[in-house]
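S.K.: The sequence and its predicted three-dimensional model are supplied below.
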There are 2 protein chains.
Amino acid sequence: MFKYALLSRPLTSYINPTLLVSRSFSFPFRFSTTSSQYSTNRDKYWIKPTIMERVCVYGSGNWGTTAAKIIGENITKLPNFDHKVSIYSHFETFDGVSLSDVINKTHENPKYLPGRKLPENVYATSDEKEALDGATMLVIVVPEQFLESSLRSIYKNIDGRRLKIISLIKGVYIYKDKIMTPTQVIEYALKVTPSVLCGANIANEIAGHEICESTLGSFIKSEADLWYSLFHSDYFRIRCIRDTYGIELCGALKNVVSVAAGIADGLGVGSNSKAAILRVGFKEMRQFIYHRHPYTPPEVFYESCGMADLVASSLGGRNHKIAVELVKTGKSFAELESEMLGGQKLQGPMTAKELYIFNKHEGITEKFPLFTTVYQIGYEKKDPSEIFNVLVGLKLE
Amino acid sequence: MFKYALLSRPLTSYINPTLLVSRSFSFPFRFSTTSSQYSTNRDKYWIKPTIMERVCVYGSGNWGTTAAKIIGENITKLPNFDHKVSIYSHFETFDGVSLSDVINKTHENPKYLPGRKLPENVYATSDEKEALDGATMLVIVVPEQFLESSLRSIYKNIDGRRLKIISLIKGVYIYKDKIMTPTQVIEYALKVTPSVLCGANIANEIAGHEICESTLGSFIKSEADLWYSLFHSDYFRIRCIRDTYGIELCGALKNVVSVAAGIADGLGVGSNSKAAILRVGFKEMRQFIYHRHPYTPPEVFYESCGMADLVASSLGGRNHKIAVELVKTGKSFAELESEMLGGQKLQGPMTAKELYIFNKHEGITEKFPLFTTVYQIGYEKKDPSEIFNVLVGLKLE
């Protein structure tokens, strides 16, 4: 939002000298010598308008509440930001009371982030219009299956083209012949170029101020700087990369690899065999991402969103756990999901399946033996020990 | 060794038809059309002399005995190899009897690899001359501090220039202003270009036929193929890379990173923080290796010797354990080494120290904050929690 004021004095008297940038650029303008006829007073001084950014966190789940907590803590130190941070919480109840009311009263989200106090400048609402009102920066953090419907109502309630958006969604949309990442879906729907935040981040650990890192992907420096200032803190350290698709694909594919690591652990092998499975998985992730986005910067794989996220989620995490159970009980993923998670779908098995269908359509299943084997073990009752067939020898070329 | 025979019949009558390779190469010779005047009978057929390779494993420790076991199992399937494999065992006793005698009698190394049977074609001897007699392929697997003296006596006993050598030594020699890897030392001493085998390999797990991978580094294809055939098996899968220095440096530097991971674990942090430490360590490994050997192929970091070894040794292993104790007890590395290992030096702390001295001499300590911090925590009583200072934010450039 621009702050307008009626001018009762000459314009120059309003100008704050600190906001003036004199025109002594060190780089030469292309037409600097020949275009003196274009030089007007307006060009001489740049008046920086005071833009008030307003942040809305769209989603009040575990990760959304944590994001709001981080932003709420950081935003009070930032100039040019409205210190109020709104959380849009899809209407749901907790102990018979609306969750957003509970959050506003207790400054805590007892349903998704119990025991962690939110700063007082964070408020929740189930009224989407109210949450989005005046928002210039939108943190989208909804479960991936709700992204489309969320975008539809965001589109209705706000002019999307003015928004700076960051996606905290982990997941990817794989169709038979097409792969779309959440930012691609957002870009398609709202005609903006979103940023993305993805890394080895377990919401509860971050909310407990355990030190960790995350990768912020963006193509737009000015936006990346704003998001950096909102998220970076002593305990949550942000590193920026000029990429989004590679980062998101890393976040999705690593779930398949952590299923594979879980299978290895379920078989009770030592750390060498497990490390070998991780290595192959990491290689296939790279291979697949380069197949889709050849211009992905290699740093993506060496940042938190790449190697660190892979390692963290292969040490523990739900995808890992369900795969251990798969091997131990001999049940299928579908059975285990209904037993262990009340029917909730886990991303690892789901992505493995979708990926297999996609790869089959492209005719490249053999290029990704680990991804293919995870699918076959999970859905086609292949023997789990065949996971080790992906470790093949290689002679010197 | 060539097998010589007195010719009593015309040469051609000795030729084994299976050894003939007709001159039907699929690629065009450069002068094939114009150089008919050079074509002689000798060019028409290549007689492949039967070279008998003979393998000696120099060292009877945990890893050396395991290597002899693998080679002993594989060699019986290979043509042109002497099926006897010798182990040179530095004279030592077990229960009052010479260790090599015990190995030959029981086909087991009760001191360093108890409970694992060696194949019958493997024999041990403390007589270096006998072990090296006729050897054409030498597996050097001695503790790094004994390499120099071992090379001296190998030099005396055998013509080193005829040998094919592979180094299984994990370690690196860091002086104030110089870094030498074991293969560089071997190359300097014996004037051969050794290969190297390095990966996420715990000897006991491999000897127990757990599936794992290893990286074979070599610059010479013919030698790499021979070593591949000796080591590659169902449970020990070899992948070759055309490099040696990068592989060896990976194997040495990863020990420092696993100390850092141990420090993180000792502080009781979650998997996110640990994964972040691993990420930074992996990055510094790459950075350091590229600093020393700019032509290192990037695959080095994605193979078993790189990422997999790092992950495996950061999950457990002695360097990791001692660092956990360091944090918990507040003792120094020197005290812990004498308590936990009877004064035996561990590679992680040692390498961290040597590396610090080297980096200080080069004036690059600040480029490697993790390596430097590990040294300072271990030797300068820096607070262990300062390990997290290496996780720095990074804005988009």
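M.R.: On my side now, so go ahead.
S.K.: Please look at A:Q184 and A:R292 and confirm they touch.
M.R.: No - with contact defined as CB atoms under 8 Å, A:Q184 does not reach A:R292; the gap is 10.9 Å. C-beta here means a position set from N, CA and C on the backbone, and glycine is covered the same way.
S.K.: Just want to know which of the two has more residues nearby.
M.R.: Shown here are A:Q184 and A:R292; by other CB atoms under 10 Å in any protein chain shown, A:Q184 has more neighbours (18 against 12).
S.K.: That one should be in a strand, yeah?
M.R.: No - using DSSP: H, G, I helix; E, B strand; the rest coil, the assignment for A:Q184 is helix, not a strand.
S.K.: Break chain A into its domains for me.
M.R.: As assigned by automatic domain parsing, chain A contains the domains A:53-242, A:249-390.
S.K.: How about A:E108: which residues does it bridge to?
M.R.: Here A:E108 sits in beta bridges with A:K117, as judged by DSSP bridges.
S.K.: ok so A:L197 is a helix residue?
M.R.: No - under three-state DSSP, A:L197 sits outside any helix and is assigned strand.
S.K.: Can you give me the neighbour number for A:A124?
M.R.: A:A124, neighbours per other CB under 10 Å, totals 25.
S.K.: picking that back up, mind giving me a markdown table with the domains of chain A and columns for mean pLDDT and distance to B:G393?
M.R.: Shown next, in a markdown table, are the domains of chain A (pLDDT from 0 to 100; distance: least, CB to CB, whole Å):
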| stretch | mean pLDDT | distance to B:G393 |
| --- | --- | --- |
| domain A:53-242 | 93 | 5 |
| domain A:249-390 | 93 | 11 |
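S.K.: Tell me which of those domains lies nearest to B:E337.
M.R.: domain A:249-390 (22.8 Å; CB to CB).
S.K.: can I get the domains of chain A in CSV with distance to B:E205?
M.R.: Output for the domains of chain A, formatted as CSV (distance: least, CB to CB, whole Å):
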stretch, distance to B:E205
domain A:53-242, 27
domain A:249-390, 4
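S.K.: Nearest to B:K328 among the ones you listed would be which one?
M.R.: Using CB to CB, the nearest of the domains of chain A to B:K328 is domain A:53-242, at 18.5 Å.
S.K.: Find residues that contact each of A:Q184 and A:R292.
M.R.: Common contact partners of A:Q184 and A:R292 (CB atoms under 8 Å, 6 or more residues apart in numbering or on different chains): A:Y245.
S.K.: can you tell me which residues contact A:V85?
M.R.: If you count contacts by CB under 8 Å, 6+ apart, then A:V85 has A:55-57, A:68, A:71-72, A:75, A:121-123 around it.
S.K.: Out of these, the closest to A:G171 would be?
M.R.: So of the contacts of A:V85, ranked by how close each gets to A:G171 (CB to CB), first place is A:V57, at 17.9 Å.
S.K.: I'd assumed the closest one was in a strand, is it?
M.R.: Yes - counting by three-state DSSP, A:V57 is part of a strand.
S.K.: count of residues packed around it?
M.R.: 31.
S.K.: Relative to B:I241, which of the domains of chain A is closest?
M.R.: domain A:249-390 (13.1 Å).
S.K.: ends of that closest one, how far apart?
M.R.: Chord length of domain A:249-390, first to last residue, is 21 Å (CA to CA, to the nearest Å).
S.K.: what about it, distance to the chain center?
M.R.: 20 Å (CA atoms, centre = their mean, to the nearest Å).
S.K.: Is that domain positioned near chain B?
M.R.: Yes - remark: domain A:249-390 sits within contact range of chain B at A:269-276, A:278-279, A:282-283, A:286, A:298, A:302-304, A:307-309, A:311-312, A:315-316, A:388, by CB under 8 Å from any CB of the partner chain.
S.K.: For chain A, give the strand that spans the most residues.
M.R.: The residue-count maximum for a strand in chain A (DSSP state E) belongs to strand A:81-88.
S.K.: Can you give me the buried ones in that one?
M.R.: Within strand A:81-88, the residues scored as buried using 16 or more other CB atoms under 10 Å in any protein chain shown are A:81-82, A:85-88.
S.K.: And stretch A:358-373, by the same measure?
M.R.: So stretch A:358-373, judged by 16+ other CB under 10 Å, has buried residues A:358-359, A:365, A:368-373.
S.K.: Looking at these, which is nearest B:V142?
M.R.: Nearest member of the buried residues of stretch A:358-373 to B:V142, counting by CB to CB, is A:L370, at 36.4 Å.
S.K.: ok, the closest one to chain B distance?
M.R.: Look at A:L370 and chain B: by CB to the nearest CB, to the nearest Å, they are 13 Å apart.
S.K.: would that residue count as being in a strand?
M.R.: No - under three-state DSSP, A:L370 falls outside any strand and is assigned helix.
S.K.: from what I can see it touches A:Q287, true?
M.R.: No - using CB under 8 Å, A:L370 is not in contact with A:Q287; the gap is 10.2 Å.
S.K.: Run a quick neighbour tally on A:F219.
M.R.: 14.
S.K.: what do you get for the one 3 residues further on?
M.R.: Residues contacting A:S222 under the criterion other CB under 10 Å number 9.
S.K.: Under a three-state scheme, what state does the residue nearest to A:L163 when sequence neighbours are not counted occupy?
M.R.: Of all residues not flanking A:L163 in the chain, A:L138 sits nearest, at 5.2 Å (CB to CB, 6 or more residues apart in numbering or on different chains). Of the three states, A:L138 takes strand under three-state DSSP.
S.K.: in the sheet, who's paired with A:L138?
M.R.: A:C56, A:I165.
S.K.: Contact partners for it?
M.R.: A:55-56, A:58, A:132, A:154, A:158, A:163-166.
S.K.: Give me the contacts around stretch A:121-129.
M.R.: So stretch A:121-129 is contacted by A:60, A:68-69, A:71-72, A:75-76, A:83-91, A:98-100, A:103-104, A:107, A:109, A:131, A:153-154, A:157 (CB under 8 Å, 6+ apart).
S.K.: Turn the buried ones among these into a named ChimeraX selection, would you?
M.R.: A single ChimeraX command selects the buried members of the contacts of stretch A:121-129 (16+ other CB under 10 Å):
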select /A:60,68,69,71,72,75,85,86,87,88,89,98,99,100,103,104,107,109,131,154,157
